[in-house]
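A.B. asks: Okay, predicted coordinates and the sequence, questions at the end:
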There are 2 protein chains.
Amino acid sequence: MIFLTFTETELRRFTEAVFTAIGCGAGHAALAADVLLKSDLRGIDSHGVARLSGYVRLWEKKRINAQPDIRIVHETLTTATIDGDAGLGLIVAPFAMKVAIEKAKTYGSGWISVKNSNHFGIAGYHALMAVEQDMVGISMTNASPLVAPTYANERLLGTNPMCYAFPAGTYPPVVVDMATAAAANGKLEIAQRSGSEIPEGWVQDASGLSATDPHELKKGGSLLPLGSDKEHGSHKGYGLGAAVDILSAVLSGANYGPWVPPFVAFLEPASDPVGEGIGHFLGAMRVDGFRPVEDFKSHMDTWIRRFKSAKTVEPGQQVVIPGEPEYEAEAQRRQNGIPLIDIVVRDLNELAEKLGIERLSAREIS
Amino acid sequence: MIFLTFTETELRRFTEAVFTAIGCGAGHAALAADVLLKSDLRGIDSHGVARLSGYVRLWEKKRINAQPDIRIVHETLTTATIDGDAGLGLIVAPFAMKVAIEKAKTYGSGWISVKNSNHFGIAGYHALMAVEQDMVGISMTNASPLVAPTYANERLLGTNPMCYAFPAGTYPPVVVDMATAAAANGKLEIAQRSGSEIPEGWVQDASGLSATDPHELKKGGSLLPLGSDKEHGSHKGYGLGAAVDILSAVLSGANYGPWVPPFVAFLEPASDPVGEGIGHFLGAMRVDGFRPVEDFKSHMDTWIRRFKSAKTVEPGQQVVIPGEPEYEAEAQRRQNGIPLIDIVVRDLNELAEKLGIERLSAREIS
């Protein structure tokens, strides 16, 4: 694989231009670009600009509305349901998190369930919005069905990520941002490209048997929940995925379980939907609703310091604080640029051609 | 192993008598007994009356206060921190959940972090209190350190359970109630008693190597997080355990990580505590803060029906709805009684002798 490196500024320019070209207003285009860039900066390449052409294809199919009228359709002082009007999740979820944060400022906490949305990028982006306000941030989303619950030979749940983010003092925020499947689809795609086998416990084949061929997922197999098999707690990963599905979609009126519309444009949504679009769930709680912010941050630092200095199995290892690798990637990539594989660059430049915007290649820096 | 079966009424009588004998008021004794009985009824034998003598030993060591002054020490309209005054978690957690429910009734949601508490029994009990009010219930607790984070050769986290509970319509509530370790300690104890090996991925030995001998935990080994190893997502189980620890203890001012005091009386708490007692986190959100209750319940029923009717790997299997086996156990045990192994019965009768209360054996029904 060949990597080309781009500046953050250049990728941002390009991404905003794509969203503007499909009809997003300037503010929305900048926000959607910010969410995707944050993913590339944090090293989560599967959720960044590599997905741009996927969003555009869904827009072409009229499954994404570039000018949504996002609105609150039900609320109490600290809860609300938001209708995303089929907008980009990249815009709808930050809108919802802002509502959660405003409620938290006044009442201590805010909780938003979202329907009629689309893929919202990395969960961490939205949870970190709350952290910037000295709040605990929580974000979840359901997603196209790929995961078979324990005992099932059918895809009933998405990789349904959940994220918990906490401010710290001298250390970066602690961000637990994880798919509830044993391995996310991105890892499979890497194995597919390199032609290597995958470990048992990630995928089952179309007959429900454990598979080590990463292509089995595309041949009718399923991803397995976190825990991999019953003996190792796959019912727990399934339970977490179920909780995300219910909070995101049954609470809001979105589609859930096998009815969640696919993220890929070549697959049609179910003909018998049980709700509207996909669902998210976002929450914010003021830290000073529980104790003074400085006390909390100082204890977060103690927590982090203790875990980082833990005895490890191998010499030279260190216990990784959740969110630390992504924080380090961000610092590094802001300075040195963002590497993209050549097939992604080619795909983006085809997109540029189609939409009549300036190609990426001209600004490549190494 | 020999099982003796007791009526719910008899075990409740006995358990209340124990808590009364150590000085709990009548209301508190009845509540604590209710929490333990719920566990035995639901088939979670490791968290029920089998732990009674453990609670009493902690009381003897003055680590449990039988007459706590449980109080709110910090709050906003929808958040609060509660000081459990070293009371039984069995009493402190329901107190906190009641506060969460009252806040939710008025403002839509309520969120309570608890410090200075002790073991709270099954997480499901507290979350189900909210479900009875047509709310989503959430409960978590940290616990004595037994789990080594990914790469660590040290016990830094408890099995830190998290529970999400949702009301349904014609079906029982969906209750996701799970330890964030690959396997809870109870499963190890069963293997220890029967002298059988455990699967790889549950435990590492004192040198950090994968172990199949269930006794390795007592010889300085550690439990592994849900996911078991890095390749299968143990960093996710570790991340969830960390989130529970931070919400329960860093937010409230309880002890966290390796400082959490042990549940067993023969181990002393850390001499350099970072907080008070152990911590819990409890939340309640009104379903009708998001959509009408009947709509939600009707879609919950659709969700459940769809998952129960899923295609399975083996013929005759059925996908299990989270909370369904516990619900069925409860119906069955209310009718047919609660089986206890003989060594637990002996232990309880020794306790009866010590505390001068009526023995269990006389009321045994089969």
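C.D. replies: Okay, I see it.
A.B. asks: Mind picking out the helix or strand in chain A with the poorest mean pLDDT?
C.D. replies: Every helix and strand of chain A was ranked by mean pLDDT, DSSP states H and E. The lowest is helix A:185-194, at a mean of 83.
A.B. asks: Quick check: the gap between the residue most central in space within chain A and chain B.
C.D. replies: Taking C-alpha atoms, centre = their mean, the centroid of chain A lies closest to residue A:122, which sits 2.6 Å from it. Distance, residue A:122 to chain B, using C-beta to the nearest C-beta, to the nearest Å: 15 Å. Yep, even glycine has a C-beta here, placed from its N, CA and C like the rest.
A.B. asks: Same question for residue A:220.
C.D. replies: Distance, residue A:220 to chain B, by C-beta to the nearest C-beta: 11 Å.
A.B. asks: Any idea how many residues pack against the residue nearest to that residue when sequence neighbours are not counted?
C.D. replies: The shortest distance from residue A:220 to any non-neighbouring residue, by C-beta to C-beta, 6 or more residues apart in numbering or on different chains, is to residue A:206 (3.5 Å). The number of residues packed near residue A:206 is 13, by other C-beta atoms under 10 Å in any protein chain shown.
A.B. asks: Could you check the pLDDT of the residue lying closest to residue A:3 once chain neighbours are set aside?
C.D. replies: The shortest distance from residue A:3 to any non-neighbouring residue, by C-beta to C-beta, 6+ apart, is to residue A:339 (4.1 Å). pLDDT recorded at residue A:339 is 94.
A.B. asks: C-alpha coordinates for the least confident helix or strand of chain A, CSV please?
C.D. replies: Taking Å, rounded to 0.1, in the frame of the first residue of the first chain, the C-alpha atoms of helix A:185-194 are listed here in CSV:
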residue,chain,number,x,y,z
ASN,A,185,-15.5,-3.9,10.1
GLY,A,186,-12.5,-1.7,9.4
LYS,A,187,-10.2,-4.4,10.8
LEU,A,188,-11.7,-6.9,8.5
GLU,A,189,-11.2,-4.7,5.5
ILE,A,190,-7.5,-4.4,6.3
ALA,A,191,-7.3,-8.2,6.4
GLN,A,192,-9.2,-8.5,3.2
ARG,A,193,-6.9,-6.1,1.4
SER,A,194,-3.7,-7.8,2.7
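A.B. asks: Contacts for it, please.
C.D. replies: With contact meaning C-beta atoms under 8 Å, 6 or more residues apart in numbering or on different chains, helix A:185-194 is reached by A:1, A:45-47, A:146, A:159, A:197-198, A:202-203, A:214-215, A:217, A:223.
A.B. asks: Of these, which ones also sit close to chain B?
C.D. replies: The subset of the contacts of helix A:185-194 within reach of chain B, by C-beta under 8 Å from any C-beta of the partner chain, is residue A:202.
A.B. asks: Chain A: strands as residue ranges?
C.D. replies: With strands called from DSSP state E, chain A shows them at A:3-6, A:71-75, A:79-83, A:109-117, A:135-141, A:162-166, A:174-178, A:203-204, A:210-211, A:222-223, A:278-286, A:338-341.
A.B. asks: Turn those strands into TSV, columns for mean neighbour count.
C.D. replies: Below are those laid out as TSV (neighbours: other C-beta atoms under 10 Å in any protein chain shown):
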stretch	mean neighbour count
strand A:3-6	17
strand A:71-75	14
strand A:79-83	25
strand A:109-117	30
strand A:135-141	29
strand A:162-166	27
strand A:174-178	26
strand A:203-204	26
strand A:210-211	20
strand A:222-223	25
strand A:278-286	30
strand A:338-341	20
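A.B. asks: Quick one: end-to-end length of stretch A:281-293, please.
C.D. replies: 25 Å (C-alpha to C-alpha, to the nearest Å).
A.B. asks: in stretch A:94-104, what's buried?
C.D. replies: A:94, A:95, A:96, A:97, A:98, A:99, A:100, A:101, A:103, A:104 (16 or more other C-beta atoms under 10 Å in any protein chain shown).
A.B. asks: residue contacts, the residue nearest to the fifth one when sequence neighbours are not counted?
C.D. replies: This means residue A:98. Distance criterion C-beta to C-beta, 6+ apart; nearest residue to residue A:98, sequence neighbours excluded, is residue A:129 at 7.3 Å. Contact partners of residue A:129, counting by C-beta under 8 Å, 6+ apart, are A:94, A:97, A:98, A:101, A:137.
A.B. asks: and chain A, what are its domains?
C.D. replies: Domain ranges of chain A: A:1-60+A:336-366, A:70-182+A:224-322, per automatic domain parsing.
A.B. asks: now, of the ones you listed, which is deepest in the fold?
C.D. replies: domain A:70-182+A:224-322 (a mean of 23; mean count of other C-beta atoms under 10 Å in any protein chain shown).
A.B. asks: so how far is it off the chain centroid?
C.D. replies: Here the centre of domain A:70-182+A:224-322 is set off from its chain's centre by 8 Å, with C-alpha atoms, centre = their mean, to the nearest Å.
A.B. asks: same for the lengthiest helix in chain A, what does it pack against?
C.D. replies: Ranked by number of residues, the top helix in chain A under DSSP state H is helix A:89-107. In terms of contacts (3 or more C-beta pairs under 8 Å, 6 or more residues apart in numbering or on different chains; DSSP states H and E), helix A:89-107 is packed against helix A:26-41, strand A:79-83, strand A:109-117, helix A:123-131, strand A:135-141, strand A:278-286.
A.B. asks: tilt between the shortest one and strand B:278-286?
C.D. replies: Put simply, strand A:79-83 runs at 60 degrees to strand B:278-286, going by axes from the mean of the first three to the mean of the last three C-alpha atoms, to 10 degrees.
A.B. asks: and the angle from strand A:79-83 to strand A:71-75?
C.D. replies: 140 degrees.
A.B. asks: again with the longest one
C.D. replies: Compare the direction of helix A:26-41 with that of strand A:71-75 by the same axes, to 10 degrees and you get 80 degrees.
A.B. asks: And the last one, by the same measure?
C.D. replies: Angle of strand A:278-286 versus strand A:71-75, following the same axes, to 10 degrees, is 70 degrees.
A.B. asks: List the buried residues of the least confident helix or strand of chain A.
C.D. replies: For helix A:185-194, the neighbour count (16+ other C-beta under 10 Å) marks A:185, A:187, A:188, A:191 as buried.
A.B. asks: Show me which of the contacts of residue A:129 is closest to residue B:39.
C.D. replies: Minimum distance to residue B:39 across those is 32.8 Å, recorded for residue A:137 (C-beta to C-beta).
A.B. asks: List the residues that contact the closest one.
C.D. replies: Going by C-beta under 8 Å, 6+ apart, residue A:137 touches A:97, A:126-131, A:163-165, A:282-284.
A.B. asks: let's see it at 10 Å
C.D. replies: By C-beta atoms under 10 Å, 6 or more residues apart in numbering or on different chains, the residues touching residue A:137 are A:97, A:100-101, A:104, A:123-131, A:163-167, A:173, A:175, A:282-285.
A.B. asks: repeat for residue A:195
C.D. replies: Per C-beta under 10 Å, 6+ apart, neighbours of residue A:195: A:214, A:215.
A.B. asks: Residue A:164 against residue A:282, yeah?
C.D. replies: No - using C-beta atoms under 10 Å, residue A:164 is not in contact with residue A:282; the gap is 11.9 Å.
A.B. asks: hmm, back to that, could you dump the buried residues of stretch A:94-104 to TSV with pLDDT?
C.D. replies: Rendered in TSV, the data for the buried residues of stretch A:94-104 read as follows (pLDDT from 0 to 100):
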residue	pLDDT
A:94	98
A:95	98
A:96	98
A:97	98
A:98	98
A:99	98
A:100	98
A:101	98
A:103	98
A:104	98
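A.B. asks: any idea how far residue B:277 is from residue A:127?
C.D. replies: 28 Å (C-beta to C-beta, to the nearest Å).
A.B. asks: Make CSV from the helices and strands packed on helix A:89-107 and add mean pLDDT and distance to residue B:357 to it.
C.D. replies: Formatted as CSV, the helices and strands packed on helix A:89-107 follow (pLDDT from 0 to 100; distance: least, C-beta to C-beta, whole Å):
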stretch, mean pLDDT, distance to residue B:357
helix A:26-41, 98, 61
strand A:79-83, 98, 46
strand A:109-117, 98, 44
helix A:123-131, 98, 50
strand A:135-141, 98, 44
strand A:278-286, 98, 43
